[in-house]
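**Student:** Dropping a prediction and its sequence here:
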Amino acid sequence: MLNLQPYENPMYFVYLLIGLIPVIIGLFNGKRFRWYESLFSLVFIILIFDADKWPQGQALIAYVLYNTLLVWGYTRYRTKPDSPNKGWVFTLAVILGVAPLTIVKFTPLLSKNPSILGFLGISYLTFKVVGMIMETRDGSIKEFNLIKFWQFLLFFPTISSGPIDRYRRFISDYDTVPDREKYTELFSKAVHYLMLGFFYKFILGYLFGTIMYPYMQHLALVAGQHTFLHLSWGLVGVMYSYSGYLFFDFAGYSLFAVAISYFMGIETPMNFNQPFKAYNIKDFWNRWHMTLSFWFRDYIYMRFVFFMMKHKVVKSRVATAAIGYFLLFGIMGVWHGETWFYIVYGLFHAVLINLTDMWIRFKKKHKGMFPSNKFTYYFSVFLTFNTVCFSFLIFSGFLDRLWFH
């Protein structure tokens, strides 16, 4: 059978754009053919998980059924008029929500074979499920609608790698049919993002990832044979070429997902906002992989800080924030993988963001001591860019190969 991985080859886009024609015609005429959108999505999910990917398809089916029962059960418990809203029930629901992903992530530590529960996109579906459980706990989500839950969870343009949407925002778009003026604007943006995605992923991503990165790796391996810690200018080339590849490949994919969503009248949030223009590391995380960054901020960091302050575990707000950053980026590092370089990458960013907070507090206490002008701004952008690129060198895993293999 035909198998097409999301946004990986021209035929995928050909089939995709043909399938979108009825959706586009309907929305231009003020109609949303929900039955067709559901059928259209199902067909493309089948194309992703058929043939040799069918074991992943079976895992996806089991995952959807499991989490349907979980979210339905917790919503029913939470929305009862006399619901006690016990914390332990909420905690159990969250643990059950992340359990499949946890098993998938940690199975490689115990077995040479990947987990049978794993499938493309399990992380991003888990973020959606846990987000719904937390918003239901807060009272923001007041009912469970099976069809809308499946539409949200299995929205195929974003199923494999995001961006991560929020249930209420998604359903607000899904329940609404944009007028012609609004949809014309969405259509125009979709075409622009689609073209920009092609330029990013298939031209710049190819240039950095397929041409420059392997060449720089070879250069670094050869030049670093007789130097301290195998340092060389080739390693600097690896750092910059991998950083370029990582951004353009992932940003290109995200633009595709956003473009297809816009064609379907769904304003999926953007994932990148010129991250290499960030003037400090906090600004960087407000620009890089934004839907993931904001998810971790809202559902892990903010809730952890609130819990710590409410129960007065640590009296100092500064200390609480610092601990929260290490928890946040530690989890983010482990989520990427259980290898040392992913964990160090996360902890490195935790250190950076804490140092940034210290610097901001110091400047507030000593106003006027440091100049603030175009030079200092561009210098801070330059410093942030190079620091981030160094963190991506850690993230790439090349240092593991260079030093230990």
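**Tutor:** In hand now; what should we look at? As the structure is a computational prediction, the values presented were derived from the model and not from experiment.
**Student:** hang on, Phe155 packs against Tyr167?
**Tutor:** No. Phe155 is beyond contact range of Tyr167, at 10.8 Å (criterion: Cβ atoms under 8 Å). In short, each C-beta sits where N, CA and C put it, glycine included.
**Student:** center of the protein - which residue?
**Tutor:** The residue lying closest to the centre of the chain (Cα atoms, centre = their mean) is Leu292, at 3.9 Å.
**Student:** now that one, nearest residue through space, not along the chain?
**Tutor:** Ile164 (6.0 Å; Cβ to Cβ, 6 or more residues apart in numbering).
**Student:** neighbours of the one you found, just the number please.
**Tutor:** Counted by other Cβ atoms under 10 Å, the residues lying close to Ile164 total 23.
**Student:** Let me see the contact set for it.
**Tutor:** Tyr124, Phe127, Lys128, Gly131, Thr158, Thr291, Leu292, Trp295 (Cβ atoms under 8 Å, 6 or more residues apart in numbering).
**Student:** nearest residue to the third one other than its sequence neighbours?
**Tutor:** Looking back up the chat, that one is Lys128. Closest residue in space to Lys128, ignoring its immediate chain neighbours: Leu153 at 5.7 Å, by Cβ to Cβ, 6+ apart.
**Student:** What distance do you get for the one you found to Arg137?
**Tutor:** 18 Å (Cβ to Cβ, to the nearest Å).
**Student:** ok, now Pro22?
**Tutor:** 39 Å.
**Student:** just Leu402 next, same as before
**Tutor:** Distance, Leu402 to Arg137, by Cβ to Cβ: 46 Å.
**Student:** now the strands: where do they sit in this protein?
**Tutor:** Read by DSSP state E, the chain holds no strands at all.
**Student:** for it, which spans come out with low pLDDT?
**Tutor:** 1 (pLDDT under 70).
**Student:** That one - how does it break down into domains?
**Tutor:** 10-177, 185-404 (automatic domain parsing).
**Student:** For the shortest one, measure first residue to last.
**Tutor:** Start-to-end span of domain 10-177 (Cα to Cα, to the nearest Å) is 30 Å.
**Student:** quick one: it to chain centroid distance?
**Tutor:** Taking Cα atoms, centre = their mean, to the nearest Å, the mean C-alpha location of domain 10-177 is offset from the chain mean by 14 Å.
**Student:** Next: the longest one.
**Tutor:** On the basis of Cα atoms, centre = their mean, domain 185-404 is displaced by 12 Å from the centre of the chain it belongs to.
**Student:** which parts of the longest helix anywhere in the chain are buried?
**Tutor:** When the chain is parsed with DSSP state H, its longest helix is helix 233-263. Buried residues in helix 233-263, counted by 16 or more other Cβ atoms under 10 Å: 234-263.
**Student:** what's the answer for stretch 383-391, then?
**Tutor:** Thr384, Phe385, Thr387, Val388, Cys389, Ser391.
**Student:** and the nearest residue in space to the first one that is not next to it in sequence, what does it touch?
**Tutor:** Using Cβ to Cβ, 6+ apart and skipping the chain neighbours, the partner closest in space to Thr384 is Ala278 (5.1 Å). Shown in contact with Ala278 (Cβ under 8 Å, 6+ apart): Phe284, Asn286, Arg287, Trp288, Val381, Thr384, Phe385, Val388.
**Student:** Go again with 10 Å.
**Tutor:** Going by Cβ atoms under 10 Å, 6 or more residues apart in numbering, Ala278 touches Phe284, Trp285, Asn286, Arg287, Trp288, Ser380, Val381, Thr384, Phe385, Thr387, Val388.
**Student:** Please tell me how far it sits from Leu355.
**Tutor:** 15 Å.
**Student:** One more: Leu70?
**Tutor:** Applying Cβ to Cβ to Leu70 and Leu355 gives a distance of 40 Å.
**Student:** I'd say Val64 and Ile159 touch.
**Tutor:** No. Using Cβ atoms under 10 Å, Val64 is not in contact with Ile159, being 11.1 Å away.
**Student:** Please identify which of those two sits among more neighbours.
**Tutor:** Each of Val64 and Ile159 has its neighbours counted (other Cβ under 10 Å); Ile159 has more, 23 against 16.
**Student:** ok, the more buried one to Ser261 distance?
**Tutor:** Counting by Cβ to Cβ, the gap from Ile159 to Ser261 is 11 Å.
**Student:** Pro22 and Arg137: which is more packed in?
**Tutor:** Higher neighbour count among Pro22 and Arg137: Arg137, with 20 against 15, using other Cβ under 10 Å.
**Student:** For the more buried one, give me its contacts.
**Tutor:** Tyr74, Thr75, Arg78, Asn85, Gly87, Val89, Phe90, Thr91, Ala93, Val94, Arg303 are the contacts of Arg137 under Cβ under 10 Å, 6+ apart.
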